[in-house]
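Engineer: Here is a sequence with its predicted model. Questions after.
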Amino acid sequence: MSVPAKPLNRLRQMWSEGRPAFGAIATIPSVQMVQIMARSLDWIIVDLEHGPIGLTEAHAMIAATTGTPCTPLVRIAANEPWLAKAPMDIGAFGINFPMITNRAEAEKAVRSVRYPPRGDRLWGPFHAPFRWGQSMPDYMASADDEMICMVTIEHVEAVNRIDEIMATPGIDVAVIGPGDLATSINKRGQMDDPELLELVARAEAGILRSGVPIGGVARTADQANALIDRGYRAIALGFDWSLFQRGIMAAFDGIRR
């Protein structure tokens, strides 16, 4: 007999209660790093887009969140159903789809995380029920409703089409990616550029109008508090490497060298 999860997907519960959830992006293929972060964070995105993590490492990292309040998500390299399939089958609670620029791409992402007739996901979640704490029948009954479809708004074309994207049924959270958004307007690394900030504001307004939870990046406590005040519900505090780097710098703070 299966034991019911309590709750099954904690992020959905937090967002339904209007509470912000704090997380980070894991780019280092390390179970130990995830074990440390998962004790303090609400969610972790295992990055299969830019880092050296493979599926074997991702599986171990997802499993390392078991017994913690942390919800494991996976970012894939492109908006392709076959790239989303395996991460879900090894236990991810959601998929982060990069570079969504129009409604057709948003619909493709949504359908990737749900089984027919609601979507195009293929069957084969051999290892997911173990992380979800369910039997296979229970997993199949709950997967469509519990799996998170996270889309990233990170291109100027996406901002221009933000209303059509956010009108897509089935998007669970939309996050603004300032890094690639800046790159799309040839302002690489210029995070305080006025043109970039204007695009971020337009994307933010469109997502908030839709009622879908909004996510973003905060490099400081002041930035995080400002995002919370503006209605953000998924706040990335950094990457594993950047949090580690900041911790080392803080350890040296005040030491004469």
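Structural biologist: Yes, it's here.

Engineer: where does Thr68 land in three-state SS?
Structural biologist: coil (DSSP: H, G, I helix; E, B strand; the rest coil).

Engineer: same deal with Ala226?
Structural biologist: helix.

Engineer: Excluding chain neighbours, what is closest to it?
Structural biologist: In this structure, Ala226 finds its nearest non-sequential neighbour in Ala218, 7.9 Å apart by C-beta to C-beta, 6 or more residues apart in numbering. Where you see a C-beta, it was placed from the backbone N, CA and C, and this is true even at glycine.

Engineer: CA atoms only for stretch 164-177, dumped as PDB, please.
Structural biologist: Provided in PDB are the C-alpha atoms of stretch 164-177 (Å, rounded to 0.1, in the frame of the first residue of the first chain):
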ATOM      1  CA  GLU A 164       0.400  35.400 -26.100                       C
ATOM      2  CA  ILE A 165       2.900  33.300 -24.300                       C
ATOM      3  CA  MET A 166       1.300  33.800 -20.900                       C
ATOM      4  CA  ALA A 167      -2.200  33.000 -22.300                       C
ATOM      5  CA  THR A 168      -1.000  29.400 -22.800                       C
ATOM      6  CA  PRO A 169      -2.900  27.000 -20.500                       C
ATOM      7  CA  GLY A 170      -0.700  24.800 -18.400                       C
ATOM      8  CA  ILE A 171       2.300  27.100 -17.600                       C
ATOM      9  CA  ASP A 172       2.900  26.800 -13.900                       C
ATOM     10  CA  VAL A 173       5.600  29.400 -13.400                       C
ATOM     11  CA  ALA A 174       7.400  31.900 -15.700                       C
ATOM     12  CA  VAL A 175      10.800  33.100 -14.800                       C
ATOM     13  CA  ILE A 176      12.700  36.000 -16.300                       C
ATOM     14  CA  GLY A 177      16.300  35.300 -17.400                       C
END
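
Engineer: looking only at pLDDT, what's the mean for that stretch?
Structural biologist: Taken as a whole, stretch 164-177 carries a mean pLDDT of 98.

Engineer: do stretch 12-28 as well
Structural biologist: Computed over stretch 12-28, the mean pLDDT rounds to 97.

Engineer: what's it in contact with?
Structural biologist: 7, 11, 33-34, 37, 41-47, 50-53, 61, 70, 73, 75, 146, 148, 172-173, 213, 224, 227-228, 232-241, 243 (C-beta atoms under 8 Å, 6 or more residues apart in numbering).

Engineer: Off-centre distance for it?
Structural biologist: Relative to its chain's centre, stretch 12-28 lies at 8 Å (C-alpha atoms, centre = their mean, to the nearest Å).

Engineer: neighbours of the closest residue to Arg233 other than its chain neighbours, just the number please.
Structural biologist: The shortest distance from Arg233 to any residue other than its chain neighbours is 4.0 Å, reached at Pro213 (C-beta to C-beta, 6+ apart). Residues lying near Pro213 (other C-beta atoms under 10 Å) number 26.
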